[in-house]
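S.K.: sequence? don't have it. structure:
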């Protein structure tokens, strides 16, 4: 092997190593980017779940407040439960209940399993008050 052949062989080996290093760096970079995108999507999904959960609980608490308010009066001041209070309760719950259903539907669209768990709690602790 003469000097020219050695130089050519060295150049080919160097080019191969550079190409392999470039391919490897690209693969690692691609995997890191995919992991970053998955983490960003997971964070966005959690934020969406939190937002819809907050909406659902906000409406559930409003409904719970209306129910607690009138039941307290019914238990401790029954004479205060007049037609106006009944009408106010009816209007408030009539306005709030569709908002609860809408918030729960949005929650179901984001995470069906979490919705099912929350729905069971709502059925057990809120809906039973209506029965």
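M.R.: Thanks, I have it. Just so it is clear, the model here is predicted, and its values are computed rather than measured.
S.K.: run through the residues that contact residue 81.
M.R.: By CB atoms under 8 Å, 6 or more residues apart in numbering, the contact set of residue 81 is 70, 73, 74. (Each C-beta comes from the backbone N, C-alpha and C, glycine too.)
S.K.: the first one against residue 85, yeah?
M.R.: This means residue 70. Yes: using CB atoms under 8 Å, residue 70 is in contact with residue 85, at 6.6 Å.
S.K.: mind checking which of the two has more residues around it?
M.R.: Using other CB atoms under 10 Å, the more surrounded residue of residue 70 and residue 85 is residue 70, with 19 against 14.
S.K.: tally of neighbours for the nearest residue to that one once chain neighbours are set aside?
M.R.: The shortest distance from residue 70 to any residue other than its chain neighbours is 4.7 Å, reached at residue 89 (CB to CB, 6 or more residues apart in numbering). Counted by other CB under 10 Å, the residues lying close to residue 89 total 17.
S.K.: same check, this time on the one 10 residues further on
M.R.: Applying other CB under 10 Å, we find 16 residues neighbouring residue 99.
S.K.: not counting sequence-adjacent ones, nearest residue to it?
M.R.: residue 59 (4.5 Å).
S.K.: tell me the secondary structure for the one you found?
M.R.: Under DSSP: H, G, I helix; E, B strand; the rest coil, residue 59 falls in the helix class.
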